[in-house]
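Asks: Below: sequence and its predicted model.
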Amino acid sequence: MQRLQALAGGTTAAPLVVGNEEHRFLVLDQLREIGVDPAAVLLEPVGRNTAPALTLAALQAAVGGADPVLVVTPADQTVTDEAAFAAAMASAVEAAADGSIVILGITPDRPETGYGYIRSEASAGAHAVLQFVEKPDAETAARYLADGAYYWNAGMFVLKASVWLAALERWRPDIAAACRAAWAARTTDQRFVRPGKAEFAAVPAESVDYAVMEKCPGSGQAIRMVALDAGWSDLGAWEAVWQVAAKDEHGNAAVG
């Protein structure tokens, strides 16, 4: 959240946070600790993966006819070079203003088999995305690294709220309709916004990538990639947490 607050020199709107109902006070307490006042905390009664989560955020962002550019990023990631992160995000925001979907591609530094990959054109700034590739085997990952046109898919997206909603209607109208039904049944309690519980439970679970992103290349929906080389990690395992943590002389990392 602190990285995103610094993005545009204070011109960003108050953030939207999407999370589980059970984490609501943890979210508010941590935001309060760093002096961030969210526009809303959207509470999922059950997990339905990232496509419905983004849809809730887009619907909230569009209240009153607004159509902002959304910077979509999971909470469980870290970067070590915040200036490079801010520069890449600023480039992505600029590219998304014309209706493009922009994805952040991580410049790979090893033949990683645990991430999906993005293949993009070689050009300055925001590159056209040519293909999304599933997690490869070791030999394929080594080939991707040597090729130089492949990037890790970080799951960070920049796009207008209206662009996401239209793309979801195009490729997954079932998810779009179910999310709108849950949104119509929402209740609001100060900062907390709760979609209808039964309605949201009926939403098909799907990722942003499978629902929309992988269908975009060659479809007429512009999708571009901005390369991010900022010491990124998705903290997907304790090994990754240890790698980015400060360590003592014995190589131990401790918090608290």
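Replies: Nice, I can see it.

Asks: So Val72 versus Ala6, what's the distance?
Replies: Counting by CB to CB, to the nearest Å, the gap from Val72 to Ala6 is 17 Å. Where you see a C-beta, it was placed from the backbone N, CA and C, and this is true even at glycine.

Asks: higher neighbour count, the two?
Replies: Using other CB atoms under 10 Å as the criterion, Val72 and Ala6 rank with Val72 on top: 20 against 15.

Asks: The more buried one - nearest residue in space that isn't next to it in sequence?
Replies: Closest residue to Val72 apart from its sequence neighbours, by CB to CB, 6 or more residues apart in numbering: Phe157 at 4.4 Å.

Asks: Now do the SS call for that neighbour.
Replies: Here Phe157 is recorded as strand under DSSP: H, G, I helix; E, B strand; the rest coil.

Asks: same question, Val71
Replies: Counting by three-state DSSP, the backbone at Val71 sits in strand.

Asks: any idea of the pLDDT on it?
Replies: Val71 carries a pLDDT value of 96.

Asks: all helices for the stretch 51-200 of the chain, in order.
Replies: 82-96, 138-147, 161-171, 173-184, 197-201 (DSSP state H, counting those that start in this stretch).

Asks: Tell me which other helices or strands the third one touches.
Replies: Under the contact definition 3 or more CB pairs under 8 Å, 6 or more residues apart in numbering; DSSP states H and E, helix 161-171 sits against helix 50-61, strand 101-106, helix 173-184.

Asks: Please apply the same query to the longest one.
Replies: Packed against helix 82-96, as judged by 3+ CB pairs under 8 Å, 6+ apart, are the following elements: helix 2-5, strand 69-72, strand 101-106, strand 150-160, strand 223-228.

Asks: so which of the ones you listed comes closest to Trp183?
Replies: Trp183 sits nearest to strand 69-72 of all the helices and strands packed on helix 82-96, at 15.8 Å, using CB to CB.
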